[in-house]
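Novice: Kindly return the folded structure for what I paste below:
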Amino acid sequence: MLTTPLILPMQDDVEPTGFFATIDESVNSVFAPANKFIADIVFWSPPFFPMPWIVMWLLAAAIIITFYLGFIQVRGIKTAFEVVRGKFSSPDDPGEIPHYQALTSAVSGTVGLGNIAGVGAAVTLGGAGATFWMVLAGLFGMATKFAECTLGVKYRTVYDDGTVSGGPFKYLPVAFNKFPKFLSVGLTGLFAVSIFFFGVGGGNMFQSNQTYSQAIEVTGGPDDSFMANSGGAIIFGLILATIIGLVILGGIKSIGKVTSTLVPFMGTVYVIACLIVILGNVTEVPAAIVTIVEDAFNPDALTGGFIGVLIVGLQRAAFSNEAGLGSAPIAHSAVKTRRPVSEGFVALFEPFIDTVIICTMTALTIIIADTPFWNETREKLADDSTYEYGGGVAVTSNAFESVIPWFPYILAAAVALFAVSTLITWSYYGNKAWNYLFGEGRSRDIVYRIIFLTLTVAGCVLTFTEVLGIADSFLFVCGFVNLLGVYFLLPTIKREMNEYLADRKSGKLYQLGRDDKDKDIAADQI
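Specialist: Numbers count the residues shown, from 1 in each chain. So this is what the prediction gives:
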């Protein structure tokens, strides 16, 4: 996930100075009232259970879909592996990118700063037990991803030139077809506006700002870095925009190729670092797991009791993997396949990779390291919830540093790679929202990309805190609209799922792994 009111950022944003500071303050002052109004609605929580209603909406959907589809995230894992390996795919399938690239493109939008900073904040605020609830929610979220990504492919449009347009923009009008037209169009339009606004704000400006911030940190800090000035910010932003531009100008095929290399690389580096800490203290792993389970049901006084640790863990998962928000189906819809539900099986892996594996390994690293900084910070936060401790990244970095003294530098590089991959993926999401709002066409795409890359540079110079706050809220508005549509189309998803599993069992599905000329059954009959 990217940035939310409940996740502390990597570090303080780079504050603009001089002329840029004046612009920043003026824009923030205009948007501040709107930000508060929208956030109060989207993140409202009842007094008796202080969890935002939108989080409960996402979690309830994950549980309902899991039961309705018969725990497909458990019984469908073997099939999912077969699909990712291309066992049921042929070069003739319609679409733009293979299953593996669709998965890495979507994962690059979810795996990011939140997996490092957000988990650090979660186990600091909620203790070790927050990890248990985080993992549980991630496992249920796998079913949500299965459902929404199946729909993203089923109702997509494949054009004559082979390009694809899909996602909630295509299936929401179908889901809402019994609503009055103004309501159906209005809800789908609200989704598009929200995705676009977050794409150019939270998915773009925030990421470029934090990448620049990390570059300053590793080149001497705010006081000594040669980059810590407006000129340095503009130059850095132009370089970053050029890199992003070279990728996104090639469309989803180019994005898929880059993310299929970048995501596994950065994920591997980070996981290896976690394993160094975990395996270096392997005798402490059983005790850490016991602590996670025990603290989930019997938390210490620092976490605010059982409800406190439950809420922190569930929030962390919901805000980490984006299950139900409708963003991932946009990337998955470009997949090369004849059977929409095949991509639902692929999407099962997203929450598993993001929340169950990466977030859990981060949490284990912090718990096993058990640094004085982490323990002291938890005590101070229990006394004063506004205590500034540097955010979750400080906790995570400190845990790594206790075992690998030089790792904070590698962490800075990993943060930059996470941010760049997120920028690339959200540029595509925003582009599809732009197409829905203003129509499709090369000239329209060029206008959008110019706007996106301009704001990439602006993100390094300006913070627009209040604007980004509104963008965060809008992303979760997407969750409400998207899941409402998914509920209406659940029978369609279940029918597609059952037919696919039956065809796999009978052997008919294996025909899809051949070229069209070699199939024993006509391609349109499989």
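Novice: how close does residue 415 get to residue 214?
Specialist: Here residue 415 is placed at a distance of 5 Å from residue 214 (C-beta to C-beta, to the nearest Å). (C-beta placed from N, C-alpha, C; glycine too.)
Novice: Equivalent analysis for residue 421, please.
Specialist: Counting by C-beta to C-beta, the separation of residue 421 from residue 214 is 14 Å.
Novice: before we move on, what about residue 122?
Specialist: 21 Å.
Novice: And for residue 142?
Specialist: Going from residue 142 to residue 214 by C-beta to C-beta gives 31 Å.
Novice: next helix or strand past the helix or strand bottoming out on mean pLDDT in the chain?
Specialist: Least confident helix or strand of the chain, by mean pLDDT, DSSP states H and E, is helix 113 with a mean of 60. Following helix 113 in sequence order, the next helix or strand is helix 119-125 (DSSP states H and E).
Novice: Could you pull out the buried residues of the next helix or strand after that next one?
Specialist: Sequence-wise, the next helix or strand downstream of helix 119-125 (DSSP H and E) is helix 130-154. Buried positions in helix 130-154, judged by neighbour count with 16 or more other C-beta atoms under 10 Å: 130-154.
Novice: repeat for stretch 261-272
Specialist: Within stretch 261-272, the residues scored as buried using 16+ other C-beta under 10 Å are 262-263, 266-267, 270.
Novice: now do stretch 272-279
Specialist: Buried residues in stretch 272-279, defined by neighbour count with 16+ other C-beta under 10 Å: 273-274, 277-278.
Novice: Not counting it itself, show me its contacts.
Specialist: Residues outside stretch 272-279 that contact it (C-beta atoms under 8 Å, 6 or more residues apart in numbering) are 285, 361-362, 364-365, 368-369, 399-400, 403-404, 407, 410-411.
Novice: For the stretch 51-200 of the chain, just list every one of the strands.
Specialist: 157-158, 164-165 (DSSP state E, counting those that start in this stretch).
Novice: Among the ones you listed, which comes closest to residue 69?
Specialist: Among those, the nearest to residue 69 by C-beta to C-beta is strand 164-165 (25.0 Å).
Novice: Please compute how far that closest one lies from its chain's middle.
Specialist: Computed by C-alpha atoms, centre = their mean, to the nearest Å, the chain-centroid distance of strand 164-165 equals 21 Å.
Novice: Could you tell me which strands it is paired with, and in which direction each runs?
Specialist: strand 157-158 (antiparallel) (DSSP bridges).
Novice: one step back: and the buried residues of stretch 272-279 as JSON lines, adding pLDDT, secondary structure and distance to residue 486?
Specialist: Formatted as JSON lines, those follow (pLDDT from 0 to 100; DSSP: H, G, I helix; E, B strand; the rest coil; distance: C-beta to C-beta, whole Å):
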{"residue": "273", "pLDDT": "83", "secondary structure": "helix", "distance to residue 486": "36"}
{"residue": "274", "pLDDT": "85", "secondary structure": "helix", "distance to residue 486": "33"}
{"residue": "277", "pLDDT": "84", "secondary structure": "helix", "distance to residue 486": "39"}
{"residue": "278", "pLDDT": "86", "secondary structure": "helix", "distance to residue 486": "36"}
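Novice: Reformat those residues into CSV and put distance to residue 47 next to each item.
Specialist: Formatted as CSV, the buried residues of stretch 272-279 follow (distance: C-beta to C-beta, whole Å):
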residue, distance to residue 47
273, 42
274, 38
277, 40
278, 40
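Novice: Can you tell me which of those residues is nearest residue 333?
Specialist: Residue 333 lies nearest to residue 274 out of those, by C-beta to C-beta, at 32.2 Å.
Novice: what's the spacing between the closest one and residue 419?
Specialist: Residue 274 is 19 Å from residue 419, by C-beta to C-beta.
Novice: Also residue 409?
Specialist: For residue 409 relative to residue 419 (C-beta to C-beta), the value is 16 Å.
Novice: Of these two, which one has the most company?
Specialist: Under the neighbour definition other C-beta atoms under 10 Å, residue 409 and residue 419 were set side by side, and residue 419 has more, 24 against 11.
Novice: higher neighbour count, residue 122 and residue 214?
Specialist: Neighbour totals were compared for residue 122 and residue 214, and residue 122 leads with 31 against 22 (other C-beta under 10 Å).
Novice: could you measure that one against residue 377, distance?
Specialist: 13 Å.
Novice: about what we covered before: looking at the buried residues of stretch 261-272, spot the one nearest residue 452.
Specialist: residue 262 (18.6 Å).
Novice: Report the buried residues of the longest helix along the chain.
Specialist: Ranked by number of residues, the top helix in the chain under DSSP state H is helix 407-438. Going by neighbour count (16+ other C-beta under 10 Å), the buried part of helix 407-438 is 407-408, 411-412, 414-436.
Novice: Residue 232 contacts residue 219, correct?
Specialist: No - in this structure, residue 232 is not within contact of residue 219 by C-beta atoms under 8 Å, at 9.3 Å.
Novice: intersection of neighbour lists for those two?
Specialist: Residues touching both residue 232 and residue 219 (C-beta under 8 Å, 6+ apart) are 225-226.
Novice: Those two: who's more crowded?
Specialist: Remark: of residue 232 and residue 219, residue 232 carries more neighbours, 19 against 14, as counted by other C-beta under 10 Å.
Novice: Phi and psi next, for the residue lying closest to that one once chain neighbours are set aside.
Specialist: Here the nearest residue to residue 232 in space, its sequence neighbours aside, is residue 226; by C-beta to C-beta, 6 or more residues apart in numbering that works out to 6.6 Å. For residue 226, the backbone dihedrals are phi -70, psi -10 (criterion: degrees, to the nearest 10).
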